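Chemist: let's see this in three dimensions:
(one chain, ligands or ions: 1)
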Amino acid sequence: MVFDYLKLPHEFPRHYLPETLEFEWGSLSKVFDELATRNLNTPQELEKWLIDEAELDSFIYEQRTIRYINSTRQTDNPEFTRAYRQYTEELEPKIKVAAFGLLRKYASLPFSDRLPSKTYALEDKRRRSALSIFRPANVEIERQDSALSQNYQRTIGAMTVDFRGQERTLQQMSKFYEETDRRVREEAWRLADSRALRDRDALDTMYDEMVKLRNEAARNAGFVNYLEYAFVKKDRFDYTPGDCIRFHQAVEEYMVPLSRELDREREEKLGVEALRPWDLRVDPEGRPPLSPFDDVSGLVAGAAKVVGQVDQQLSGYFERMAGLDLLDLESRKGKAPGGYQEELTEVRFPFIFMNAARRDNDVRTLLHESGHSFHTFLMREASLPFFNGGANVPLEFAEVASMTMEIISGEHYEGTFYTREDARRSNREEAVDNVKLFTWVATIDAFQHWVYTHPGHSHEERTKAWVDTSNRFCGLESYEGLEESREYRWLRQLHIFEVPLYYIEYGIALTGALGLWSHYKRDRKEVVQAYKSALSLGASMPLPDLFRAAGLEWDFGPKAISGIAHDLRAAIRECGE
Ligand SMILES: [Zn+2]
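Modeler: The predicted structure is shown next:
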């Protein structure tokens, strides 16, 4: 199944690149050379040059995305795997070096900070920041880091167990944690856990290598550690490591007590002496899992109806996506796990990928990824000259787009996916999951702060740091007799390996999304209007301004977190039980 992107309407014709351009270095280098050697004498010429460069970026990112989509839709096709790896191993390092050359050229121009349109101011800041930390030696370090990430993916993907006469991945095992029979849950959990622990030492050592590479890249760029470096590299202009620490403290103060209160209720309802790790996903009332649809067409029809109740314009986007075959939702053999939305940057359409298994979670996932796709559509409509390559949208705000859609759509499940009672149950589960998500974000972020500010630490010290961090934020589940499992839970959190320090974004975005959801209960129209206009700004404004455009305060400290804990507690009580 090849992803046929050629049949998509090409509504944004090229102005600069040749009509046919091969995605290989011989062709790309010619374009880079032209941009590198072009004479630029006025701000107007520079603006044209920037737009041409953005067209090249869009081409590259789209070609990369097509390879990525193919490789995840068919992991068992070696041709697709090879093509994507060829991009990351061979093309990408060359592209990074050539793009750096353009960045240097840009910064050397005396009029680069005097461009005609003020929308370039933020882009100018991003460019100067990227230039200030770029070191050619780090291209090779990043290539090695990315090869280790792919190695991590393969190691995790190869973890399978035989359960009930079938070979299953650890992700496929997770559905058994919803079984009402406690013995089945425990057996499934122990089996999956012992399989993961078999690769414990290999993963622990792989992480040492990654941390070493990352700290080395940071030192090359003149930083004391990778934490400081990552803030610059990720364009985190508007908050500091200290703000993240205040977020951790606020979660500890306001969310952890709520999380433990909810666990105590769960313990009582299940009638168990102590919650164990396999007791956390089952319905505490002993009901079977929610079943919102029968097949993928039911999921799509239901999601279209729900989005239609939020807003007509947005449901128009959703239907366009479905009509253009930009949804790959059903689970199939050979398909990669997980879900994502990717932007096809030249045609400016979104693509959604997931593995539907007829569960409540699938509805949430599709609406989450749809929120990302509405961002893509709204930026497309706004036709921003420059910032359309979705890569530039701050992730802290990109996740506001998706999480808001995921959460507010729950107000419309009754009559589409669920009866009134089941809709309340689904919304209660979502609210509880969000309490738990805050505590998990704080755990993962605080742990990584420790890792990168303690260079040269031993495995024992790292294990202790993990246990201490998780004790700060965890619920009431008991790992008695499972100490080793508790010590190595972090090995299965892919972000720690693959996208270091990328996690606090979820906490910041969740704060924003829940803020919008609280307003939505009072004034739906106003919230949808603000949501749409903020999304259509793309990456053209600083993060705090994007929050304000959505009608939110830029705050993820104690005041915001305590308010949200209050709202979540109230919503959970309101949904009964
Ligand atoms: Zn997302």
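Chemist: buried ones in stretch 173-190, by neighbour count?
Modeler: 173-174, 176-179, 184-189 (16 or more other Cβ atoms under 10 Å). Every C-beta, even on glycine, is put in place using the N, C-alpha and C of the backbone.
Chemist: how about the residues you listed in TSV, adding distance to Arg281, secondary structure and pLDDT?
Modeler: Output for those, formatted as TSV (distance: Cβ to Cβ, whole Å; DSSP: H, G, I helix; E, B strand; the rest coil; pLDDT from 0 to 100):
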residue	distance to Arg281	secondary structure	pLDDT
Met173	11	helix	90
Ser174	7	helix	87
Phe176	9	helix	94
Tyr177	4	helix	94
Glu178	5	helix	93
Glu179	9	coil	94
Val184	12	helix	97
Arg185	8	helix	97
Glu186	12	helix	97
Glu187	15	helix	97
Ala188	11	helix	97
Trp189	10	helix	97
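Chemist: can I get these in JSON lines with distance to Leu543?
Modeler: Formatted as JSON lines, the buried residues of stretch 173-190 follow (distance: Cβ to Cβ, whole Å):
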{"residue": "Met173", "distance to Leu543": "38"}
{"residue": "Ser174", "distance to Leu543": "33"}
{"residue": "Phe176", "distance to Leu543": "40"}
{"residue": "Tyr177", "distance to Leu543": "36"}
{"residue": "Glu178", "distance to Leu543": "37"}
{"residue": "Glu179", "distance to Leu543": "42"}
{"residue": "Val184", "distance to Leu543": "45"}
{"residue": "Arg185", "distance to Leu543": "41"}
{"residue": "Glu186", "distance to Leu543": "44"}
{"residue": "Glu187", "distance to Leu543": "46"}
{"residue": "Ala188", "distance to Leu543": "41"}
{"residue": "Trp189", "distance to Leu543": "39"}
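Chemist: was I right about Ala357 contacting Ser331?
Modeler: Yes - when contacts are counted by Cβ atoms under 8 Å, Ala357 is listed as touching Ser331 (5.9 Å).
Chemist: just checking, Phe163 touches Arg185?
Modeler: No - using Cβ under 8 Å, Phe163 makes no contact with Arg185, being 11.9 Å away.
Chemist: any shared contact partners between the two?
Modeler: Taking Cβ atoms under 8 Å, 6 or more residues apart in numbering as the criterion, Phe163 and Arg185 both touch Phe176.
Chemist: buried sites along the longest helix seen in the chain?
Modeler: Counting residues, the longest helix found in the chain (DSSP state H) is helix 420-453. Within helix 420-453, the residues that count as buried by 16+ other Cβ under 10 Å are 422-432, 434-436, 438-452.
Chemist: does Leu170 touch Ala158 like I think?
Modeler: No - with contact defined as Cβ under 8 Å, Leu170 does not count as touching Ala158 (10.2 Å).
Chemist: more crowded one of those two?
Modeler: Using other Cβ atoms under 10 Å, the more surrounded residue of Leu170 and Ala158 is Leu170, with 18 against 9.
Chemist: and that one, what's its pLDDT?
Modeler: pLDDT for Leu170: 87.
Chemist: cool, the one 5 residues further on as well?
Modeler: Confidence at Lys175, expressed as pLDDT, is 87.
Chemist: where does the residue lying closest to it once chain neighbours are set aside fall, phi/psi-wise?
Modeler: Nearest-residue entry for Lys175: Ala357, 6.8 Å, with adjacent residues in sequence omitted and distances by Cβ to Cβ, 6 or more residues apart in numbering. Ala357 adopts backbone torsions of phi -130, psi 30, taken as degrees, to the nearest 10.
Chemist: ok, Gly415 next?
Modeler: Gly415 adopts backbone torsions of phi 90, psi -10, taken as degrees, to the nearest 10.
Chemist: next one: it from Ala304, what distance?
Modeler: Relative to Ala304, Gly415 is positioned 14 Å away (Cβ to Cβ, to the nearest Å).
Chemist: what about the two, which has more around it?
Modeler: Neighbours per residue, other Cβ under 10 Å: of Gly415 and Ala304, the larger number sits with Ala304, 17 against 12.
Chemist: thought that one was touching Ser315?
Modeler: Yes - Ala304 is in contact with Ser315 according to Cβ under 8 Å; the separation is 5.9 Å.
Chemist: buried ones in stretch 475-492, by neighbour count?
Modeler: Within stretch 475-492, judged by 16+ other Cβ under 10 Å, the buried ones are 475-477, 479, 485-491.
Chemist: hang on, I meant stretch 136-149
Modeler: The neighbour-count check on stretch 136-149 (16+ other Cβ under 10 Å) flags 138-139, 141-143, 145-146, 148-149 as buried.
Chemist: so what touches it?
Modeler: Contacts with stretch 136-149, where a contact means Cβ under 8 Å, 6+ apart, come from 88-89, 92-93, 96-97, 100, 206, 209-210, 213-214, 216-217, 220-221, 497-498.
Chemist: kindly recompute the last result at 7 Å.
Modeler: Contact with stretch 136-149 is made by 88-89, 93, 96-97, 206, 209-210, 213-214, 216-217, 220-221, 497-498, as judged by Cβ atoms under 7 Å, 6 or more residues apart in numbering.
Chemist: from the middle of its chain, how far away would the helix or strand bottoming out on mean pLDDT in the chain be?
Modeler: Each helix and strand of the chain was given a mean pLDDT (mean pLDDT, DSSP states H and E); the minimum falls on helix 170-173 at a mean of 86. Its chain's C-alpha centre and that of helix 170-173 lie 20 Å apart, by Cα atoms, centre = their mean, to the nearest Å.
Chemist: what's the mean pLDDT across the longest strand belonging to the chain?
Modeler: The residue-count maximum for a strand in the chain (DSSP state E) belongs to strand 349-356. Strand 349-356 carries an average pLDDT of 94.
Chemist: any idea which helix or strand comes after it?
Modeler: Remark: after strand 349-356, the chain's next helix or strand is helix 360-382, criterion DSSP states H and E.
Chemist: tell me the angle that following helix makes with strand 349-356.
Modeler: Orientation of helix 360-382 against strand 349-356 (axes from the mean of the first three to the mean of the last three Cα atoms, to 10 degrees) gives an angle of 180 degrees.
Chemist: give me the helices and strands touching the next helix-or-strand element following helix 360-382, please.
Modeler: Toward the C-terminus, helix 360-382 is succeeded by helix 395-408 as the next helix or strand (DSSP H and E). If you count contacts as 3 or more Cβ pairs under 7 Å, 6 or more residues apart in numbering; DSSP states H and E, helix 395-408 packs onto helix 360-382, helix 504-522, helix 543-549.
Chemist: give me whichever of these is most buried.
Modeler: helix 360-382 (a mean of 24; mean count of other Cβ atoms under 10 Å).
Chemist: number of nearby residues for Glu346?
Modeler: Neighbourhood size, Glu346 [other Cβ under 10 Å]: 25.
Chemist: for it, give its distance to Val31.
Modeler: 14 Å.
Chemist: what is the neighbour count of Ala356?
Modeler: Neighbours of Ala356 (other Cβ under 10 Å): 21.
Chemist: and the nearest residue to it once chain neighbours are set aside, what pLDDT?
Modeler: Distances taken as Cβ to Cβ, 6+ apart place Asp362 nearest to Ala356, at 4.4 Å, with adjacent residues excluded. Note on Asp362: pLDDT of 95.
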